[in-house]
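*Asks:* Attaching a predicted model along with its sequence, questions to come.
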Amino acid sequence: MDPRVYESDTRPDWCPGCGDFGVLAALKNALITLQIPPERVFISSGIGCSSNLPGYIRTYAHHGLHGRPLPVAVGVKVANPNLVVIAAAGDGDEYGIGFNHVVHTARRNHDVKLIVMNNEVYGLTTGQLSPTSKKGQRTKTSPDGSIIYPLNPLSTLLGVGATFVARGFSGDPKHLSMLIQEAIKHRGFALVDVISPCVTWHDIYDEVRQKMYKLEDVGHDPSDLVAALHRAQEVDKIPLGLFYRSEEKPTFEELVSSEVTATIPVESVRNLSEQEFAKAIEPFQ
Amino acid sequence: MDPRVYESDTRPDWCPGCGDFGVLAALKNALITLQIPPERVFISSGIGCSSNLPGYIRTYAHHGLHGRPLPVAVGVKVANPNLVVIAAAGDGDEYGIGFNHVVHTARRNHDVKLIVMNNEVYGLTTGQLSPTSKKGQRTKTSPDGSIIYPLNPLSTLLGVGATFVARGFSGDPKHLSMLIQEAIKHRGFALVDVISPCVTWHDIYDEVRQKMYKLEDVGHDPSDLVAALHRAQEVDKIPLGLFYRSEEKPTFEELVSSEVTATIPVESVRNLSEQEFAKAIEPFQ
Amino acid sequence: MSSANIVVETNIILAYKMSDDESSKDVTVRLGAAAGDGIQSAGEIVTKIFSRSGLYVSTYNGNQSLIRGGHVWFHVHAGESRVYSLGFGIDYLVALTQLAYDEHYMNVNRGGVIIYDSSVVKEHDFPDHVTKVDAPLTKIALKYEKRPIMKNTVAIGLLCGLLGLDFKLVGDVISEQFFRKPDVQKSNVEAARDGYEFSKQFGTLKKLTYDYTKRRTFMHADYAFALGAVAAGCRFYAAYPMSPASPILHWMASNAKRFGVRVFLGEDEIAVVNATIGASLAGARSLCATSGGGFSLMQEAIGQAAMTETPLVVVDVMRAGPSTGLPTKTAQGDLNMMLGISHDDFPRVILAPRSPEDAFRTAGRAFNLAEKYQLPVIVLLDFAIGDGGYATVENLNPNIPIERGKIVKEAAPDMHNGVWFKRYALTEDGVSPRALPGTPGLMFVAKTDEHDEFGHDLSDVLAGLREAVDMRRKQFNKRMIKLQGVAKEMNPPDVFGPDKADLTIVTWGSSSLPVREALERLWGDGFKVNSYEFYDIYPFPADVESMLKQASELMDVEQNYTAQMAKLIRRETGVLIQKYYLKYDGEPIYPIEVVKAVKQHIAGSNGR
Amino acid sequence: MSSANIVVETNIILAYKMSDDESSKDVTVRLGAAAGDGIQSAGEIVTKIFSRSGLYVSTYNGNQSLIRGGHVWFHVHAGESRVYSLGFGIDYLVALTQLAYDEHYMNVNRGGVIIYDSSVVKEHDFPDHVTKVDAPLTKIALKYEKRPIMKNTVAIGLLCGLLGLDFKLVGDVISEQFFRKPDVQKSNVEAARDGYEFSKQFGTLKKLTYDYTKRRTFMHADYAFALGAVAAGCRFYAAYPMSPASPILHWMASNAKRFGVRVFLGEDEIAVVNATIGASLAGARSLCATSGGGFSLMQEAIGQAAMTETPLVVVDVMRAGPSTGLPTKTAQGDLNMMLGISHDDFPRVILAPRSPEDAFRTAGRAFNLAEKYQLPVIVLLDFAIGDGGYATVENLNPNIPIERGKIVKEAAPDMHNGVWFKRYALTEDGVSPRALPGTPGLMFVAKTDEHDEFGHDLSDVLAGLREAVDMRRKQFNKRMIKLQGVAKEMNPPDVFGPDKADLTIVTWGSSSLPVREALERLWGDGFKVNSYEFYDIYPFPADVESMLKQASELMDVEQNYTAQMAKLIRRETGVLIQKYYLKYDGEPIYPIEVVKAVKQHIAGSNGR
Ligand SMILES: Cc1ncc(C[n+]2csc(CCOP(=O)(O)OP(=O)(O)O)c2C)c(N)n1
Ligand SMILES: Cc1ncc(C[n+]2csc(CCOP(=O)(O)OP(=O)(O)O)c2C)c(N)n1
Ligand code: SF4
Ligand code: SF4
Ligand SMILES: [Mg+2]
Ligand SMILES: [Mg+2]
């Protein structure tokens, strides 16, 4: 496959150095590596710096509302299970206003992949506290340092029973591409939390580089839920890699398709036949 | 205290045998046992059979919108920390449409107590699937049995880092009252999930009675998070009692009050003095 | 007419005795009991019996938001020719509880009948010229069951006996209704027969002529809309339960397999509408439904669909608000919301079917409009015709024309080299061809930010630059111009009654039905009145102004406090309606109320 | 006027040369650069310098939704007497980038000045009769810093020199602005001085008369509203960040401690508004703010506040939509949404301050109305006067009267025996006394279901029973009747200009300001025109109809596509406005556009 098929003529408007460049690169790389043609990819994003991503990679996409990438993605996937459906958005989008969708999409095990560009801040709205902002973090909304405990999305999603939980770093696009590939190959919902620093409002590149390590380097077993939880709750160090994966649960789309007469494709629109119709109104007589 | 102070002249309109009667009784008992005068209690509920509770116990209360008991409760508590603020609602309210509020209220450790009357069904709207409905459960929305995995609110909240997580049973109001008392005494957010069967749409009394056991009877240590998680994930048995408690984190209200000049009571409304005002407009000159 | 000033004191006008014409071609039955007594099921049995006797029906469900206790009632209006609404008064009252007697006895017509069991219900103030049928309903029921749950079956038998209906049909319908409970199937039929036998002691009471060869179809607008949607190719349905929209969900869930509908139960209404938009983008004809409170939550996403130009059909089955309000009661209070959905201006279509039949037809139209013009279409139903009222439907035509609008199936050859698809191409009619994901070479971003023809942002680096400002204006115009196309498809109100009249009632949606019955009565009384029934609401149909100005005098009848339709009419045409009959207490409009309002008005006073 | 038909092709009318009167008492400055160049800060410095020179200011921030790059500009209009809007054309253009030159050079007035650095910017088509100031801005900046970030400081010095301002003041303001960065404080002052010195070589250019003893206050409406709210006793503020409402949050967060405001950052706008309602119930004067998209999410809860009769003040700082739209651009597109918030009818108040000064005054009024009438009050600001535009404010009076309405502080003695408080007592004015949680003996349930006087449900066991239906109607009336009280406090539009005129411009909110400057120009040109400035929008003020009917001819000026205010006027008064100047491209209305529209109109053609 020509690696240029994903190129867009629109240049990212991110600040120079923004972590999201790394995510974009990793995503492109993952899709090309997996040899997925671009027309089979659907990216659903929200509102935020990170959510501007769709225009920079040439696939089908929806650049929608703050917090709602997942429900749109779910609708797309349920309607057309042949598509590779990816939701890509910020920590405000997914861990703040839209987190309930994350929980329920994970619980139902929809076959969509969620990439969260987590910069611990609301980038686009000029740097206010996000749900993952650390205690003590100074922003316009916390001039004396935040008093609020951050959300731990990974341990929460493990508590939910999500079937794939990983964390990457935009500063290591190769590793991130590998995680995204695994996520796409996973049968079911996958969360790839990406530490994607905001160089303008909350530059944590150095901190991350100091604290990070790879789970695969320490022999972490991604089928061990308790170990995954412990890793997810580390604060002094930042583990990267695949925390947890389980492929036991069928996906929502598999289950719903088995329910529905698969002979009627979702995009085919046709009238009911006279017989079908007559049968349908029978109970009303 | 006269135990009748909480009596209401409005009779519950729940179906005879509904689990929610037990919750009401346990709540009254807990408040009376703790000798809290009714005017100090604020109950915030949503919409559902369970959320009709406020009118049946004479306290200050808000019977609001489906899914929103917690944000209202948080507003009340932040404004007047002297009140005992309780949110009481259904599994649809709190684990479905309103679950994001649960996650974030827990994460910020607001000092409000959440009692969820979990009947694994949408009672008031005539028995559709709720987020805690079991796979295979037959309802009007799942005529052939549900294909959807239920949410485990306890393990999720443990993943969030909630500081108090318990489960009661409306069939054992004495035990439930004890849990509610502990929740009220707890410094911070507390979830009391209550199995409160819906005798009309999904009567699970017998099943619960067969499968339940008390955590205190098996020597569970509520300070052990991993043990709590394991207990929360049991499916063959139904553990009741206090899963987890930690009092290390200060509450949001403590933190925010320390931020605000405490000498200005929230309900006192007065103008700024000339000096205060002059100082306030200085930056704009 | 400042909204602060319209305070309309309606009276509950139920007490009347007027149907003393025993030969009239219609009959009204009211069954009253407590929740949990099975009155809904009893009402359905009666409705079915009538429908299989060749009668036209229209029913109303006076239910409450509780599962057991309280007081619920079921009203059936049946006629040899078309009936529309609740009819006049009660011909047959079946009062199973004291409350049922107390609440309804005074509304029984001269020549009517009250069926009750004096072992349970104490009669008082028994109306003159009404036949008293004190029947041992409980005693008979206890013959078959330990609990007297079966007493409504006995009452049905008795009622059908008095009405002179064939017992075979009664037995058949009861058997059918209980076919899932074989243990009680037979005993219920027996109990009904006992009631039927008991009726024989009464002389001639009001009866109709029956035609057992006709088997009419009846349904409420929720089912009719769902059926119409599926018949028009609906392949995705999403919902979060909410009365009175839930029957659509239940029907879809039960029929999903058969018709290939993917049913998605969202975690909230926001997920529901966004998933519907996603499915629509993916190419499915997609639908969601809710009631007012859920719709409030959907608003942001409806603006999104308008901006991304994604076809979307949303049904709002209105109930009495505001806020939680009266969840089991009816209203037409959501029109203003639909005119002001979400922030800033965007195109939308608002349709308000008047009846189940209308709802069936509207489903296909809604999809066609949504797909042809790529915008949100809102369908307003309400409890009175939705969950709450069955009506006979005739001539449902499953061959609904399917118009999907401009869809590009294949990319031009030069589209495969790194070019984006011009999803938002500027066109004369404002509609740009769309492509379905999966099609090679036609990639685009559906964009809620203001965008150029390719769907690229105008909101960031380009914002405010002269070219971007110009494109912004063009895209805004393009979106709004689509309404001109829609407007050509909007129907003016239907005129019910004579073309010329002394008084014209302006009404919309389901309120049209009680108005029809009122008009028929008024014509009989010699009044020259007609009505304009609005069902295509927005974009406001053309030529309405001249219709309104031709009318001698106008009176607005609708079910909300501020006369929302009248305000829209004034906004769009300048015509000020000065007479109103507004009802906002949650109860259905009774035809007699409209009759009285018209008579009072014609007598010179204000009919409110 | 069907909404489908209003398609207004506005032109971007920026290119004009008219201010060739060098002695005019005002001046306009436009600074243009890329995001990240510090143009906002430079604009603030210039604004401050003018304000401390005794001038009145009005500014506009032509920014973009991005952090670095693109093109952003800052416009300052300053005058010896009151200025309202952007003024006419550009007297001084500072073009730091090529794009800044390209976008703005053609709008520089005759007699104006273009400051640029030819080492960075290539001039072309240089306008006649404009002074060319090619200055080595970059070179000077590089003297002090390795990156040329300081070049706008140099430009400010240069600009102030040309304007004949005292350098001491310039230096002071720059020092202040950089007081948090002591390392660059001194060098910035030096750089400015170099620019100032460079200016000396140019002859007399347009200057004003300065009064350095006056230190005027300037702020935008977001800050002014926040300040007014706190001055009126606001004790709780909740928000979720959203441009252009975020400055309210930032100000509150920075000032929370000092003024005892509890600031709550919600997980979404639904949490925000519900928490605000909770805090209000608990007795705090409570506020939240957002922009259109966030407001869409708040709608359900606003219906709730109306139903529970909980005081609530919500600010919507409007931006250009629909949907995500143009987040950094201005519009007045949310009026329709406010007229139709959520489902079914409930009382609400809509206020639309015209300026920061107005916003300050409105804050106290909004709380008073919300508490006196126990209902939601919506305040509409917009980007143009909110986040986007500073203006001089005078005579802010912190002694805002505080009217909390009916609050019961103590229970009657008989209230302590198991009785609920009659929270929803039926009263003549519709307002029932409320009690604050914590007060012994006054317990009640704030109820979104329809309820009786005690707040008990009418929606379940009682629904549909005659007494309950009656109480439902009474409670509905009670809620709506409150609007009659509010209506008495609503102000009719202010008339700007002569009482009698050949043409009256109807406008509202912030659009009033460019209209004022247009009118002043038109008067100078001999036109007899005035304007009606609406700021109390709903309940619609009384007597407007007669005002409108007195006007010779009406022209509507507002910033949305469908002429929402004109539609409201027609809905409420029947008056059809037939001339429009509607702008919906996100850019502010320039006074010259209104001047042209009026002239075209008076010359006979349609001014759109
Ligand atoms: C309903 C709604 N509320 C608020 C906003 C304003 N808003 C835009 S982006 C954003 C947050 C962005 O933060 P995040 O999701 O973390 O993305 P980032 O910019 O950091 O990549 C917010 C609050 C919005 N667009 N819609
Ligand atoms: C926004 C909104 N959506 C839907 C509803 C309809 N509704 C009322 S109660 C309810 C669910 C009730 O279930 P649950 O919360 O579990 O309470 P239960 O009745 O089982 O006690 C729903 C969906 C509503 N009132 N508001
Ligand atoms: S503000 Fe932060 S998140 Fe946004 S583009 Fe710049 S660096 Fe990236
Ligand atoms: S329907 Fe179920 S939850 Fe509701 S009152 Fe009856 S038993 Fe309780
Ligand atoms: Mg972020
Ligand atoms: Mg439930």
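*Replies:* Right, received. Where do you want to start? Numbers count the residues shown, from 1 in each chain, chains lettered A, B, ... in the order given. Ligands and ions are numbered 1, 2, ... in the order given.
*Asks:* Tell me the predicted confidence for the nearest residue to residue C:572 once chain neighbours are set aside.
*Replies:* Nearest residue to residue C:572 in three dimensions, chain neighbours excluded: residue C:540, at 4.4 Å (C-beta to C-beta, 6 or more residues apart in numbering or on different chains). Every residue, glycine included, has its C-beta placed from N, CA and C. Residue C:540 is assigned a pLDDT of 97 by the prediction.
*Asks:* what's the neighbour count on residue C:540?
*Replies:* 24 (other C-beta atoms under 10 Å in any protein chain shown).
*Asks:* for the stretch 51-200 of chain A, which spans come out with low pLDDT?
*Replies:* Counting by pLDDT under 70, the stretch 51-200 of chain A contains no low-confidence segment.
*Asks:* what about the helices in it?
*Replies:* Ranges of helices in the stretch 51-200 of chain A, per DSSP state H, counting those that start in this stretch, are A:69-79, A:91, A:99-108, A:153-160, A:173-185.
*Asks:* okay, those helices, which one's buried deepest?
*Replies:* helix A:69-79 (a mean of 32; mean count of other C-beta atoms under 10 Å in any protein chain shown).
*Asks:* does any bit of that one sit next to chain C?
*Replies:* Yes - Helix A:69-79 is in contact with chain C by C-beta under 8 Å from any C-beta of the partner chain, via A:70, A:71, A:72, A:73, A:74, A:75, A:76, A:77, A:78, A:79.
*Asks:* Next, the angle helix A:99-108 makes with that helix.
*Replies:* 40 degrees (axes from the mean of the first three to the mean of the last three C-alpha atoms, to 10 degrees).
*Asks:* near ligand 1 at all, helix A:69-79?
*Replies:* No - Helix A:69-79 lies out of reach of ligand 1 by C-beta under 6 Å from any ligand atom, never closer than 9.9 Å.
*Asks:* what packs against that helix?
*Replies:* Applying 3 or more C-beta pairs under 8 Å, 6 or more residues apart in numbering or on different chains; DSSP states H and E, we find helix A:69-79 packed against strand A:41-45, strand A:60-63, strand A:84-90, helix A:99-108, helix A:252-259, strand C:234-239, strand C:262-265, helix C:269-281.
*Asks:* ok, longest helix in chain C?
*Replies:* Counting residues, the longest helix in chain C under DSSP state H turns out to be helix C:466-489.
*Asks:* ok and the residue in the stretch 51-200 of chain A nearest ligand 6?
*Replies:* Using C-beta to the ion, the closest approach of the stretch 51-200 of chain A to ligand 6 is made by residue A:104 at 15.9 Å.
*Asks:* Which single residue of the stretch 251-400 of chain C ends up nearest chain A?
*Replies:* The stretch 251-400 of chain C approaches chain A most closely through residue C:278 (2.5 Å), counting by C-beta to the nearest C-beta.
*Asks:* roughly how far apart are the residue in chain C sticking out farthest from the centre and residue C:383?
*Replies:* For chain C, the largest distance from the centre (C-alpha atoms, centre = their mean) belongs to residue C:417, which lies 51.0 Å off. The gap separating residue C:417 from residue C:383 is 56 Å, by C-beta to C-beta, to the nearest Å.
*Asks:* about what we covered before: which one of the helices of the stretch 51-200 of chain A lies closest to residue C:147?
*Replies:* Residue C:147 lies closest to helix A:99-108 among the helices of the stretch 51-200 of chain A, at 40.7 Å (C-beta to C-beta).
*Asks:* so that closest one versus strand A:84-90, what angle?
*Replies:* Going by the same axes, to 10 degrees, helix A:99-108 is angled at 150 degrees with respect to strand A:84-90.
*Asks:* Ligand 3 contacts on the stretch 151-285 of chain A?
*Replies:* Taking C-beta under 6 Å from any ligand atom, the part of the stretch 151-285 of chain A that reaches ligand 3 is made up of A:198, A:199, A:200, A:201.
*Asks:* Which of the residues you listed sits closest to residue D:431?
*Replies:* Distance to residue D:431, by C-beta to C-beta, is smallest for residue A:201 among these, at 46.3 Å.
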